[in-house]
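For reference, the sequence and a predicted model appear below.
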Protein chains: 4
Amino acid sequence: MSNFALSYPAINSIRKHRRLPSDVRIEQILRAALVEFSQHGFSSARMEDIAQRAELSKGGLYAHFKSKESIFEALLLKRLTPSFNNQQWVLTGGESLNEAIKSFIDHLYGQLSDPDVIATLKLLLTESRRIPHLVDFWRREIIDKYLAEQQAILKAAANNGHLRHSAFLDDAALLMAPALYGAVWQMIFDETTATATVDSLRRAHMRMLHELLVP
Amino acid sequence: MSNFALSYPAINSIRKHRRLPSDVRIEQILRAALVEFSQHGFSSARMEDIAQRAELSKGGLYAHFKSKESIFEALLLKRLTPSFNNQQWVLTGGESLNEAIKSFIDHLYGQLSDPDVIATLKLLLTESRRIPHLVDFWRREIIDKYLAEQQAILKAAANNGHLRHSAFLDDAALLMAPALYGAVWQMIFDETTATATVDSLRRAHMRMLHELLVP
Amino acid sequence: MSNFALSYPAINSIRKHRRLPSDVRIEQILRAALVEFSQHGFSSARMEDIAQRAELSKGGLYAHFKSKESIFEALLLKRLTPSFNNQQWVLTGGESLNEAIKSFIDHLYGQLSDPDVIATLKLLLTESRRIPHLVDFWRREIIDKYLAEQQAILKAAANNGHLRHSAFLDDAALLMAPALYGAVWQMIFDETTATATVDSLRRAHMRMLHELLVP
Amino acid sequence: MSNFALSYPAINSIRKHRRLPSDVRIEQILRAALVEFSQHGFSSARMEDIAQRAELSKGGLYAHFKSKESIFEALLLKRLTPSFNNQQWVLTGGESLNEAIKSFIDHLYGQLSDPDVIATLKLLLTESRRIPHLVDFWRREIIDKYLAEQQAILKAAANNGHLRHSAFLDDAALLMAPALYGAVWQMIFDETTATATVDSLRRAHMRMLHELLVP
DNA sequence: AATGAATGAGAGTTCATTCAT
DNA sequence: TATGAATGAACTCTCATTCAT
C-alpha cells in the first residue's frame, strides 16, 4: 500500500494528518465541490464525497467552510466573477471580418469544451434559486455588460460600414445562442452525441455569421 | 384551496378517505410531481410535499407508484413522449413566407411561455443522468426526427425558390437556438428579468429569420 | 387457477367477488397463515401475502378476522388443541414389544415428516411470547397429560415384567427427545440435510429403545 | 440504569459525545443486539432499542454497521464460530466412567443455563433462513465435527472395553438430544416451568447414560 | 488543522388497518 | 362479503454537523 522502500522519511507516509496551507486546501475543496455539485446537484452531493475527492476527512471540511451552503457559495462566487471577460471579441480595424468571426467562434466553442464551464453553467441552471444575490450580480455585472459591450462594438462597426446592419444589432444574444444550444446538449447527452451536435452547430453557426455580418 | 363556492355538499371537504379512480389520482400525482421536482430537483423534492399537493397522504402515493424514482420516470415518460409534434411549422405554397415565419415564432415562444414546458426542460437538464433510456429515446425519436423534418421542408422550399439557401439548411437547430436561450433565461432568472430578455430576443429572432430566409 | 372451464357458466370466471361460505374462507385463511407465519415469523409475515395465498384481497381478511393477531391466535388455537392425542403409543398385552416400539417410532417420525407439524412447532418456539395463555393451556392439557399417560403405561408394563425398569420411567420425555432433535434440525436446515440427519437418528433411536426397554 | 454509586466523576454521565474505540462499541452493540433480536426476532427488533441498549444514538450504529442485517450477521458469526469446542467430554483412561458422565452432563446443562446460548439457539431457529451461509458453515465445521469426534471417542472406548457398544455409537446426537429438549423448553416456557422440566430431565438423562454406557 | 465517532433531524418506504364503493 | 385506495404510525437508513481526541 505505502511504498516505504522509495521515500526516505518513512514516517511521513504514515501520518494521516497532512497539514496543508489553507489556500491550497480551499482550492482543492472547491475543485472537488464543483465536480460533486454539478454531477449530483447541491442536495444530493455529499460532504463525505467532497471530502474524499479533496483528500480530506469529512470533519476536516469544516475547518475551512462553515457549511455545505458556504462551500457552494464560495464555489459559485469564484467561478462566476472573473470568467467571461478574459478576452472578448473585438473588431479592430486591422483584421478582416473573416478573421474576427473565426476568432469569435473559436473563443466561444473553446469555452464550451471546458468541462468546468459546462459544470458551472449546469449548477447555475439547477441551483440558481439558492444564490439569488450571486445570480443577480452575475447577470448585471458580467452578462449584461458583456452583451452591451458587444452590441456597441457591432453598432460602431456597422456605422463604419465594416459589417451589415443585421438583427444581431438588436440583441447581441443572438450571436451566442447556438453556442448555448450546444452547451445545453452537453449537459443532457453523453459526450459522443453532444460532440457531433456541437461540431455541426459550430460550422453552421460560423456560416450564419458570415451571411448576416458581411456588409 | 378548497372551493366551497363550487361544490355544494360541504361534507365532502371533511371526510378523509377521498377515493378516486386510479388514473385520476395518477394524473394528480404527476401534476404535483412536476411542480415539486422542477422546483427543488429530484432529491430535494419531498414525497410529503408531492402528496400534499396531490391531496393525498404520503403513504397513499405508494398505492400508485412504487418509489419516488418511479414517479419521476412516469412523469418524464409522459411529458417527453408526445409533446413537440403537436403542430409544427410547415411552409405551404399558399401562405406567404412572412406569415410562415410569424406562425413559427408564435408557436416556439408560445411553448416557451408554458411553465410546464420550461419545468420539463429544466428537469431534463438537471436530472438527465437519472433516466438515460428516456433521454436517449427522446433525442432519437422526438428531437432528431423533428429537426430532420424541418430541414427537409426548408430544403424543399429553398429548391422551389421560396426561400434562400441559408446556413439554416445546414443545421435546423439554428432556427430554434435563440428560443432555447430564452428558455434557459427563464430557468435561471426571475420572471420579470426573463420576460424582458425573451421579448427582446423574440423580436430580434424574427427579424433574423427574415433576413436569412427571404430569397 | 380456478377450473371454471369445467363448470358451465363461464361468466363466473371474470368476477372478482367470489363469495365463499365463511368456514371455507376461514379454513383457507388459516392454511395460508400457517405457511406465511412459519416462513417469516409473525411480524415479518404480511397480511397482503396471507390474503393472496388465501385467494382473497387484503381488506377481505378483515371480514373474517379483526386483526393479524387474531388470525395468529385462531391458527394456534386450532393447531394446538386437538393434535397429538390422535393416536398414541399404547402397549397392549397382545402385541410384542418389538412391534410396539416400531409403531411408536413410526408414529413419532410420521408426525415429524408432516410439514404442518414442523411449522406449528416452529411458531410455538418463535412466538410463544405472543400467546402465553395458549401455550400454557397446551402444556398443561396436552403435553403434560400425554407424558403422564405415557409414564403410567410404561410403569404398568414394567411392573408386569413386559419391559425393563429404565430411566424412561423417570421422565417419559426421554422417549421422544431424539425426535424433537430431528424436528429442530428440520427447522434450521434445508430438507436434504435434515432428512439425512433424521433418518440416521431414527434408526439409532429405535435401537436405543430396544436396548433400554427389553426386559 | 446509570450507576452513580460506582463511577466517581459524575460529569461523565452528562456529556453526550461519549467516544469509544470502535472495537469496544462493536462489542457493546452486539451484546445489545443479541438481547433485542432474541427477544423480539429479527424484524421486530428495533434499531432504536439496540442503540439505546448500547448507549448510543440510533444513527451512531451506522458508524459501525451498515445495516440491521449486517449487525445480525456479525452477531451470529461471532456466536456461532468459536463456541462449542471450548471443552468437550473426553473419556480418558484414568477417570472413572461415572465421573466422565457427570462431567459431560454438567457441561451440557451448564451451557443450557447460559441465557446467551439459549438466545443464540433461538435466533438460529427463528432466523436461519436469513443467513444460510453461516448456518451451513456452522453445521459443517462445528456441529458435524463435534459429533464425529464424540463418536470416535466413544467407539475407541467401547473397543477398549471401557463402555458398552450401545446405540450411542450409531449417532452421537442421541447423547445430547434430551439437553436440546430442555433448551427448547426454555425457549417456550417461563423460567419456573422450564427449570422444573430441565431438572427432571437432567437426572433421568444421567441415569440413562449410566444404563446404556456401563459395560 | 485534522480525524472520525457520535448526534439528531428528517427522508423514503412499509404495512396493519379503515372505509367508500 | 369483498375490493383496493387511503391513512398514519413506525421503521430503517442518510447525512450535515459537532466534538472529543
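Received it, and whenever you're ready, just let me know what you need.

Which residue ranges make up the domains of chain A?
Taking automatic domain parsing as the reference, chain A has its domains at A:10-76, A:81-213.

Low-confidence regions, chain A specifically.
A:1-18, A:82-95 (pLDDT under 70).

ok, back up a step: redo the domains of chain A as JSON lines? Include distance to residue D:124.
In this view, the C-beta of every residue, glycine as well, is placed from N, C-alpha and C. Below are those laid out as JSON lines (distance: least, CB to CB, whole Å):
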{"stretch": "domain A:10-76", "distance to residue D:124": "36"}
{"stretch": "domain A:81-213", "distance to residue D:124": "50"}
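
of all these, which lies closest to residue D:112?
domain A:10-76 (46.9 Å; CB to CB).

about what we covered before: quick one, which of the domains of chain A is nearest to residue C:199?
Going by CB to CB, the one of the domains of chain A nearest residue C:199 is domain A:10-76, 54.7 Å.

now check the closest one, is it near chain B?
Yes. Domain A:10-76 lies within reach of chain B by CB under 8 Å from any CB of the partner chain, at A:39, A:40, A:41, A:42, A:43, A:44.

one step back: the domains of chain A into JSON lines, with extra columns for mean neighbour count?
JSON lines is the format used below for the domains of chain A (neighbours: other CB atoms under 10 Å in any protein chain shown):
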{"stretch": "domain A:10-76", "mean neighbour count": "16"}
{"stretch": "domain A:81-213", "mean neighbour count": "17"}
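
Can you name the residues of chain A that neighbour DNA strand E?
Residues of chain A lying close to DNA strand E (CB under 7 Å from any atom of the strand) are A:16-20, A:22, A:25, A:56-60, A:62-64.

now the helices for chain A?
Secondary structure of chain A (DSSP state H): helices at A:10-14, A:22-40, A:47-53, A:58-61, A:68-80, A:97-112, A:115-127, A:132-137, A:145-159, A:173-188, A:191-213.

and the angle for the fifth one with helix A:115-127?
Yep, that's helix A:68-80 we're talking about. If you take axes from the mean of the first three to the mean of the last three CA atoms, to 10 degrees, helix A:68-80 sits at 130 degrees to helix A:115-127.

contacting residues around helix A:68-80?
A:26, A:29-30, A:33-34, A:37, A:42, A:45, A:47, A:50, A:61, A:65, A:116, A:120, A:123-124, A:127, A:130-131, A:134, A:137-138, A:142 (CB atoms under 8 Å, 6 or more residues apart in numbering or on different chains).

how much does it deviate in direction from helix A:22-40?
Going by the same axes, to 10 degrees, helix A:68-80 makes 90 degrees with helix A:22-40.

Am I right that residue A:189 is in contact with residue B:140?
No. Between residue A:189 and residue B:140 there is no contact under CB atoms under 8 Å: 10.7 Å.

ok, back up a step: indicate which one of the helices of chain A is closest to residue D:215.
With CB to CB, the closest approach to residue D:215 among these belongs to helix A:10-14: 66.1 Å.

how close does whichever residue of chain A sits closest to chain D sit to DNA strand F?
Of all residues in chain A, residue A:58 sits closest to chain D, at 11.5 Å by CB to the nearest CB. Distance of residue A:58 to DNA strand F, computed by CB to the nearest atom of the strand, to the nearest Å: 5 Å.

surely that residue meets residue A:47?
Yes. Contact criterion CB under 8 Å: residue A:58 and residue A:47 qualify, at 5.5 Å.

what residues does chain A put near DNA strand F?
Contact residues (CB under 7 Å from any atom of the strand) of chain A with DNA strand F: A:43-48, A:58-59, A:62, A:66-69.

and the residue nearest the centre of chain A, how far is that from chain C?
Nearest residue to the geometric centre of chain A (CA atoms, centre = their mean): residue A:117, 2.2 Å. The gap separating residue A:117 from chain C is 52 Å, by CB to the nearest CB, to the nearest Å.

again with residue A:133
51 Å.

circling back to that earlier point, now the residue nearest to the centre of chain A: how far from residue B:180?
Per CB to CB, to the nearest Å, residue A:117 is found 17 Å from residue B:180.

Taking chain A, what residue is nearest to DNA strand E?
Per CB to the nearest atom of the strand, residue A:59 is where chain A lies closest to DNA strand E, at 1.8 Å.

OK, contacts around that residue?
So residue A:59 contacts nothing (CB under 8 Å, 6+ apart).

Same check on residue A:215?
Contacts of residue A:215 (CB under 8 Å, 6+ apart): A:161, A:162, A:163, A:164.

Show me how far stretch A:62-69 is from its chain's centre.
Stretch A:62-69 sits 23 Å away from the centroid of its parent chain (CA atoms, centre = their mean, to the nearest Å).

do the same with stretch A:106-123
5 Å.

what's the answer for stretch A:67-84, then?
Offset of stretch A:67-84 from its chain centre (CA atoms, centre = their mean): 12 Å.

does residue A:193 really touch residue B:138, like I thought?
No. Using CB under 8 Å, residue A:193 makes no contact with residue B:138, being 11.9 Å away.

which residue packs closest to residue A:98, ignoring adjacent ones?
residue A:210 (7.6 Å; CB to CB, 6 or more residues apart in numbering or on different chains).
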